[in-house]
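K.L.:
structural data only, the sequence is not supplied:
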């Protein structure tokens with residue numbers, strides 16, 4: 001059972017920080033910056049390979065990328081990223097593309113970042129209530145539930161969108 005105080009503060013944080021920016025599918029050539037959320041504690045998977053793959057892909061596309069890979073100590077008491085882990089105070093990030101590789105819909109930090117992101121195009125690996133993501137991509141059958149496989153599937157779709 002979840003602590004009702006934590007649940008209330010999470011609800012309040014989502015309500016206060018949610019983005020009202022319109023979103024839609026966006027081709028890669030119109031993306032000027034991107035943010036990728038990598039779940040560092042996902043199923044004991046090492047986040048290093050997926051972070052390198054993300055950095056390599058966006059370097060090749062010449063798109064600046066911010067990779068959010070929060071550890072336990074980067075989260076505050078309510079479960080979302082502290083400002084220093086997010087890259088500064090306030091709403092300094094103005095990304096065009098937000099990708100969440102968190103495969104667990106109960107991962108509050110990923111949900112908070114997705115709902116509060118001002119990105120014009122949002123991609124996720126598991127659907128959230130309220131239709132937060134413009135595109136929900138799951139890894140192909142047999143590829144497993146790894147974030148590396150999920151990012152490979154996201155890459156394929158991003159390259160196909162014109």
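P.N.:
Thanks, I have it. Because the structure is a prediction, the values reported are computed rather than measured. Residues are numbered from 1 along each chain as shown.
K.L.:
in stretch 29-49, what's buried?
P.N.:
For stretch 29-49, burial by neighbour count (16 or more other C-beta atoms under 10 Å) applies to 31, 34, 35, 36, 37, 38, 39, 40, 41, 42, 45, 47. C-beta coordinates here come from the backbone N, C-alpha and C atoms, glycine included.
K.L.:
to clarify, my last question referred to stretch 121-141.
P.N.:
121-126, 128, 132-135, 137-139.
K.L.:
show me which helix or strand of this structure is least confident by mean pLDDT.
P.N.:
helix 83-86 (a mean of 75; mean pLDDT, DSSP states H and E).
K.L.:
measure the nearest residue to residue 30 once chain neighbours are set aside to residue 9 for me?
P.N.:
In this structure, residue 30 finds its nearest non-sequential neighbour in residue 96, 7.1 Å apart by C-beta to C-beta, 6 or more residues apart in numbering. From residue 96 across to residue 9, the span is 30 Å (C-beta to C-beta, to the nearest Å).
K.L.:
go ahead and flag the most central residue of the protein.
P.N.:
Centroid-nearest residue in the chain: residue 100, 2.6 Å away (criterion: C-alpha atoms, centre = their mean).
K.L.:
bridged to it, which residues?
P.N.:
residue 37, residue 124 (DSSP bridges).
K.L.:
wait, it sits on residue 116?
P.N.:
No: with contact defined as C-beta atoms under 8 Å, residue 100 and residue 116 do not form a contacting pair (11.9 Å).
K.L.:
quick one on the thing from earlier: which parts of the least confident helix or strand of the chain are buried?
P.N.:
Quick answer for helix 83-86 (16+ other C-beta under 10 Å): 85, 86.
K.L.:
quick one: it to chain centroid distance?
P.N.:
Centroid separation between helix 83-86 and its chain, computed with C-alpha atoms, centre = their mean, to the nearest Å, is 14 Å.
K.L.:
ok, now stretch 50-69?
P.N.:
Mean C-alpha position of stretch 50-69 versus that of the full chain (C-alpha atoms, centre = their mean) differs by 13 Å.
K.L.:
tell me the buried residues in that stretch?
P.N.:
Counting neighbours by 16+ other C-beta under 10 Å, stretch 50-69 gives 50-51, 53-54, 57-58, 61, 63, 65-69 as buried.
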